[in-house]
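[1] what's the 3D shape of this:
(one chain, ligands or ions: 1)
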Amino acid sequence: MLQLDKVTRRFGTKVAVDNVTIEVPEGQMVGVIGASGAGKSTLLRMINRLIDTTEGEIAFAGTNVSTLKGQKLRNWQRDCAMIFQQFNLVQRLDVVSNVLHGMLNGRSTLATVFNVWPRQDIERAVEILERLGVAENAAKRAEALSGGQQQRVAIARALMQQPKVILADEPIASLDPRNAQIVMQALRDINRDDGITVITNLHTLDTARTYCERIIGMQAGKVVFDGGPDELTEAAARDIYGADGLAEAFSEATTSTSLGLPQRPRKPASELEAMPA
Ligand SMILES: Nc1ncnc2c1ncn2[C@@H]1O[C@H](COP(=O)(O)OP(=O)(O)OP(=O)(O)O)[C@@H](O)[C@H]1O
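    Just a heads-up that it's a prediction; the model follows:
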């Protein structure tokens, strides 16, 4: 169980996350939605301690993780893997090495610096890449892969950490619809098959509805919705996004019909990544 108790984060006078109290049971798949600036990224970053809370407490399995230091903090960050919109791979490094770097906190500096890894670790990295359908790219440099493939490598790197929780910060925001589906399905499979808790920020409401069993809606730092996909009515969506922001919640034309809203892609077609063959 992950517990956030009255968690607040301020940047100067700006309250990015405002008195949030939620509990996430082990193995849940949670989507966090909200307009730009609602506090979604800040919330996730506080959970794995990329940034500190201003007030309140975050606990995992009964341990207060908001005050951990040193090795204990590194252990928590290993248990709580993070995936980013821009993949954050080392572009000039091959795919397997990128995945092996997921073990950074569990390996000696020497192994990391010289890129020397035990055979069993390499085999496990390849197995994870196979599971995610990108093993044929194992020897290529990360920069040679498409965005969708890079995100799957980033997920593989997260799995290499053997995390208990995966936090994904807008993992599909840079992907075309087809790759977005593949990446969301991969996260869903990991959640179901391995029982890993997944908390993911999503720009689009329908993606959250399709893949997440629980949806948390944020507005101006506060949680204004917390429920299942079926409870996310148009009225609830209006509370989260405001009347003006509602259309922004619908990205891909394929799914923007459910609330009878105009279809509006977030990115022009020229920016969408070419689909793999
Ligand atoms: N390092 C920072 N310094 C100052 N203000 C910040 C910082 N990080 C976030 N903020 C502010 O906190 C608020 C919440 O930002 P956050 O990035 O968490 O929102 P978000 O919901 O993830 O938005 P987006 O969907 O655009 O990523 C915003 O007003 C933002 O400008």
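[2] low-scoring pLDDT stretches of the stretch 151-277 of the chain, where are they?
    Within the stretch 151-277 of the chain, the ranges that satisfy pLDDT under 70 run 245-277.
[3] one more time with 80
    Low-confidence regions of the stretch 151-277 of the chain, defined by pLDDT under 80, span residues 243-277.
[4] Which positions in it make contact with the ligand?
    Contacts of the stretch 151-277 of the chain with the ligand, taken as CB under 6 Å from any ligand atom, are absent. C-betas here are computed from N, CA, C, even on glycine.
[5] For the host helix or strand of T8, enumerate the helices and strands it packs against.
    With elements delineated by DSSP states H and E, T8 resides in strand 2-11, which encompasses its position. Applying 3 or more CB pairs under 8 Å, 6 or more residues apart in numbering; DSSP states H and E, one finds that strand 2-11 contacts strand 14-24, helix 40-47, strand 55-60.
[6] which helices and strands sit right next to the shortest one?
    I take that to be strand 55-60. In this structure, strand 55-60 makes packing contacts with strand 2-11, strand 14-24, judged by 3+ CB pairs under 8 Å, 6+ apart.
[7] and with 6 Å instead?
    Based on contacts counted as 3 or more CB pairs under 6 Å, 6 or more residues apart in numbering; DSSP states H and E, the elements that strand 55-60 packs against are strand 2-11.
[8] Can you point out the buried residues in the strand it packs on?
    Applying a neighbour-count criterion of 16 or more other CB atoms under 10 Å, the buried positions in strand 2-11 are L2, Q3, L4, D5, V7, T8, R9.
[9] again with stretch 58-75
    Of the residues in stretch 58-75, those buried by neighbour count under the rule 16+ other CB under 10 Å are I58, F60, V65, S66, L68.
[10] want to throw those into CSV with distance to D176 and pLDDT?
    Output for the buried residues of stretch 58-75, formatted as CSV (distance: CB to CB, whole Å; pLDDT from 0 to 100):
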residue, distance to D176, pLDDT
I58, 34, 98
F60, 35, 97
V65, 36, 96
S66, 37, 93
L68, 38, 95
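[11] quick revisit: considering the buried residues of strand 2-11, which is situated nearest to E123?
    The shortest approach to E123 among the buried residues of strand 2-11 belongs to L2, at 31.3 Å (CB to CB).
[12] what number of residues lie near the closest residue to that closest one other than its chain neighbours?
    Nearest non-adjacent residue to L2, counting by CB to CB, 6 or more residues apart in numbering: V24, 4.3 Å away. One way to gauge burial is a neighbour count; for V24, by other CB atoms under 10 Å, it gives 20.
[13] next one: A220
    Counted with other CB under 10 Å, residues neighbouring A220 total 15.
[14] got the phi/psi numbers for it?
    With angles defined as degrees, to the nearest 10, A220 shows backbone torsions of phi 50, psi 50.
[15] in which helix or strand would I find the residue nearest to it when sequence neighbours are not counted?
    Once its chain neighbours are removed from consideration, A220 has its nearest residue in A38; the separation is 6.6 Å (CB to CB, 6+ apart). Taking DSSP H and E as the criterion, A38 maps to no regular element, lying outside all helices and strands.
[16] Distance of A38 relative to the ligand?
    Remark: distance between A38 and the ligand (CB to the nearest ligand atom, to the nearest Å) = 4 Å.
[17] Next: K14.
    For K14, the distance to the ligand under the criterion CB to the nearest ligand atom works out to 5 Å.
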